[in-house]
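Visitor: give me a 3D structure for the following:
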Amino acid sequence: MVLDSSLVYLPIMCICINCAFVDQCITYHAVETQHQQPHLTDRPSFTANSPTINVNIRTTDQEIQMEWDVVDCLSFVEERGKWARLRPGELLPT
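Guide: Have a look, this model is predicted:
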């Protein structure tokens, strides 16, 4: 794949923040674990159908950072702002 240098490429964000199942999802729970973030629930009960996770790896002289984002999921049901309502006042995960 050749990237067009005249275009701006936006990072792909995790779709889970706008999913009705974010607070019940086993896959999102795993993403929270990878990011060392507090869990929305201690016992997720929803199994997502065919989630696709993008893992971006960034390296510096001092460390390796990994960013995990669910970018597609057959179980996705849009509920805009669901994560933000569950974590009022907190910055959206990036």
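Visitor: excluding sequence neighbours, find me the nearest residue to Leu74.
Guide: Closest residue to Leu74 in three dimensions, ignoring its sequence neighbours and counting by C-beta to C-beta, 6 or more residues apart in numbering: Asn49, at 4.1 Å. In this view, the C-beta of every residue, glycine as well, is placed from N, C-alpha and C.
Visitor: any figure for the gap between that neighbour and Met13?
Guide: Here the distance between Asn49 and Met13 works out to 20 Å (C-beta to C-beta, to the nearest Å).
Visitor: out of the two, which sits in the more crowded spot?
Guide: Each of Asn49 and Met13 had its neighbours counted (other C-beta atoms under 10 Å), and the higher figure belongs to Met13 (16 against 10).
Visitor: quick one, what contacts the residue nearest the centre of the chain?
Guide: What sits nearest the mean C-alpha location of the chain, by C-alpha atoms, centre = their mean, is Cys14, with 3.1 Å. Taking C-beta atoms under 8 Å, 6 or more residues apart in numbering as the contact definition, Cys14 lies against Tyr28, Val31, Trp68, Asp69, Val70, Val71, Pro93.
Visitor: which two from the residues you listed end up farthest apart in space?
Guide: Taking every pair in those and measuring C-beta to C-beta, the maximum separation is 13.9 Å, between Val71 and Pro93.
Visitor: which of the two has more neighbours?
Guide: A count of neighbours by other C-beta under 10 Å puts Pro93 above the other of Val71 and Pro93, at 17 against 13.
Visitor: you'd agree that one is up against Ala84?
Guide: No. With contact defined as C-beta atoms under 8 Å, Pro93 and Ala84 do not form a contacting pair (10.2 Å).
Visitor: shared neighbours of these two, anything?
Guide: Contact criterion C-beta under 8 Å, 6+ apart; residues bridging Pro93 and Ala84 by contacting each: Ile17.
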